[in-house]
Every structure is written in C-alpha cells, then in structure tokens.
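*Asks:* let me see the structure of the following:
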Amino acid sequence: MTHIFSRRMLCITGAVLSVAGAAPFATMAQAADTIKLGIVAPMSGPNARYGAFSMHGAELAVKDINAAGGVNGMKIELFNADSQGTPVEGVSATRRLIDQDGVDFVIGDVSSSVTLAMQPVAEDAQVLLLNAASSNPKITYQAGVGGFKWTYRNYPTDENRALIVAKYAAEQRGFTKFAVLSVDSDYGRSAITFTKKYLPDFKGQILSEDYYKEGEVDFRSVLAKIRDNGAQAIIYYGLADTTPILARQMIELGMAGKVTLIGNGEFNTEKTIKAAPSALEGAVEAAAWLPQFDSPASKAFVEKFTTSYKEAPNNHAYVHWDTVNLLAAAIKQAGSADKTKVRDALSKIKYKSPVGEVTFDDHNQARLPMILLQIEKGVPSIKGAYTADIQYPAK
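*Replies:* Sure thing, here's the model as predicted:
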C-alpha cells in the first residue's frame, strides 16, 4: 500500500538555524516530486466492500505507475478518507483530504449521493474531482457547462444503462411487462426514472414499483406480489450483497426461470451466480466493465489484481484502477501536475482504456461503451459493447 506519510519532527538547534533559509527550497523540491491523490470511498458501513475494492484498484495502479518511474518523473502519493457511504461523512472526508493532506486530485465516491455532495466542496477549493463509480446523471448535468468546472466522470450514467438494458430486454428478449424492485437511494431511484423515460419507446409497461432499504433482507412479500401480477422481468438496480439474498428468495417462491432479473446488481460474479444459479439464469446486466472482457489490457489487469489480492476484481476495482491511469495520462499530456493544466488536458484527452477510447463531452462526462451481458448456463455471456449518447435537459 502507498499510504505512507513522512512527517518528521525537526529539532531546531543553533547548528541548523544557520541553514534555515534553505528549508523552504527543500520543501518545494519535495512537493514538486509528489502528486498527491485522495480517494474518498466507503471504508466502513454497509458499502465497505465496495470501498475495499476501490482502494485496491487505485493502489495497484499507483504501485505500477510509481514502479515505472512515476508520471513525468513524479511519484503518486495516495491518501484515503472514509465516506461511510453518507453525504455528510463524504463532505468531511473530502475536506480533510484537501485541507489536511493537501491533495490536488480526488477520486470518489461510490455512492451518487456522496459524489453530489462532494462537487461544491471540490469546486470551492478548485480541486479536480474525478468520479469513477457513481452513476446518477445529475452529477454531469451540473458539471462542465452545467456549472461545476472541476468535476469529471469516467463512468457511464444511469441514463446510459437504463436505455441499453431496456432496449435489449424488449428487442432481444421480448419483454413488455416489468416490475420494479430497486434500492431506495439516489442510484436506485434515478435508474428507474430513466427506465420509465425509455420503456414506452419499446411498448414496455411497469406493473408494480417497490424500493428496499440498505440492509433489508426479507423480500418475500414483494416477490409474491410480483409473481402474481404477471411481470416477465424484475428491473433491479441494487446492491451486490443483496442480489444473492433476493435470488434465493425467488427460488423459494417458485419464480426462478419464470421471472428474469434485469438491470445492475453484479449478476455476473461467480459468488452471486453460485448462490442461486437457477434464479440468475437469463439475467441481463449492463456494466462499465467485466472480468471476462476480452482485451489484452483487461486480462492483464485481472491477472495482476488476482495475484496481488488473492481474489478476482469487481467493477469497482477496475474503474478506480482505470481512473488513476486516466489521471496519470492527463498529467503526462499536460506536462505538469498543475491542476488547471491537468483539467484542460482531460477535456481534450483521447485515452485508450482496456474497454475502448475515452473522450469527454462539454459536461465533463466520459464517452465510453458499456458491456451488456446475459447469464447463460451459469456463465456470463457478453453480448457486445454498446454506447448511448446522453440527452441533457434543455438549458
């Protein structure tokens, strides 16, 4: 790990007073050799699993970059701060990174509500906020020409995902009757709002709409209602830890093989599929990245991450690893770690990620493909990479 902070106590004696004038130059030289990068993520609380993967992905990228000589000769120093998955703690964490640790660049947060709260803090401090994992479209609606000049996002939005999933479910699976069961958060509700926007284009109808709280574990009454209302698919934008619980209860109620999960909830992981294979069969998911994605750079990342951490990476590990590399590419292109120059470089960058080329629009939103998969015979089957341009609200 790179969380190593060198803070030495200086004993001032008559001998050192004579060279005190040289101290500021030493401090400036040290600072010029270091790029201070902060990560805001849930290190505790119900979403701590996401935070752990996020940190491991970022750490791996920093380790490799530094081992290769850094960026323009500068090493990256990584700091982390725990958002606990809440806006209040996320704001406090961001301020600590900026005020106490002196970071110029921040990556965060997993939760959309936390990222939304972080945006004005980064803007006031003129610190570059790179979002790697939260998907609420509001983040980019109000970024770039939308107002917040210091916020960029290297991640698809719920609007991208909702359109891609709805289109595939209707056109490729023939679904027209849907039930909603989504997490009660900015992420979960936003995804459903955009699904409703596009479903009429595909003659889709929502028969019931329910949301669950983080930590909730009994879905039987809602699932019984869905089983009886004739829905062909459950539109589920939820937490990965909840998916196995929900899927097992679908089996209990005789829904496996009759009602299909679509949306996003890490349907593709081996652990989730093993928990309830019959309920996950046929599940449709759009993801920013998958371990099975067939590109040399992606495969190399999976191998290195698995070797380093003794478990396979998930999406959060990948997007934080990739976003650190994106930032390094922008600093290199800028020829400087000056945050204003790096921001300008990001706006113009053509970054080659393992999934495809990344550029940014005038709302500082990355244009990048999403991978669509379907679980077939207990294995994620990639159906292709799809893009969808964001339709921003009229100004």
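
*Asks:* now do the contacts for the most centrally placed residue in the chain.
*Replies:* Residue closest to the mean C-alpha point of the chain, counted by Cα atoms, centre = their mean, is Ala133 at 1.2 Å. Shown in contact with Ala133 (Cβ atoms under 8 Å, 6 or more residues apart in numbering): Tyr50, Ser54, Asp109, Val110, Tyr155, Asn315, His316, Val319, His320. Glycine gets a C-beta too; all of them are placed from N, C-alpha and C.

*Asks:* once you drop chain neighbours, what's closest to it?
*Replies:* Leaving aside its sequence neighbours, Ala133 sits nearest to Val110 (Cβ to Cβ, 6 or more residues apart in numbering; 4.8 Å).

*Asks:* just give me the neighbour total for the one you found.
*Replies:* Under the neighbour criterion other Cβ atoms under 10 Å, Val110 is assigned a count of 27.

*Asks:* measure His316 to Ala133 for me?
*Replies:* Per Cβ to Cβ, to the nearest Å, His316 is found 6 Å from Ala133.

*Asks:* can you list residues touching both of the two?
*Replies:* Jointly contacting His316 and Ala133 under the rule Cβ under 8 Å, 6+ apart are Tyr50, Ser54, Val110.

*Asks:* got the phi and psi for the second one?
*Replies:* Note on Ser54: its backbone torsions stand at phi -60, psi -50 [degrees, to the nearest 10].

*Asks:* also the first one?
*Replies:* Note on Tyr50: backbone dihedrals following degrees, to the nearest 10 are phi -60, psi -40.

*Asks:* helices along the stretch 201-350 of the chain, start to end?
*Replies:* For the stretch 201-350 of the chain, the helices defined by DSSP state H, counting those that start in this stretch occupy 220-229, 243-252, 270-275, 277-280, 296-309, 315-334, 339-348.

*Asks:* likewise the stretch 1-150 of the chain?
*Replies:* 14-17, 23-32, 48-67, 87-99, 112-125, 138-141.

*Asks:* can I get the CA coordinates of the last one in CSV?
*Replies:* In CSV, the C-alpha atoms belonging to helix 138-141 read as follows (Å, rounded to 0.1, in the frame of the first residue of the first chain):
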residue,chain,number,x,y,z
LYS,A,138,-27.3,14.8,-12.1
ILE,A,139,-23.5,14.7,-11.5
THR,A,140,-22.8,15.5,-15.1
TYR,A,141,-25.9,17.6,-15.7
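
*Asks:* i'd like the first residue to be 33 from this point on
*Replies:* New numbering, starting at 33: the last item is helix 170-173.

*Asks:* could you count how many residues lie near Asp156?
*Replies:* By other Cβ under 10 Å, 11 other residues sit near Asp156.

*Asks:* actually Gly286, sorry about that
*Replies:* When neighbours are counted by other Cβ under 10 Å, Gly286 registers 12.

*Asks:* equivalent analysis for Glu313, please.
*Replies:* 18.
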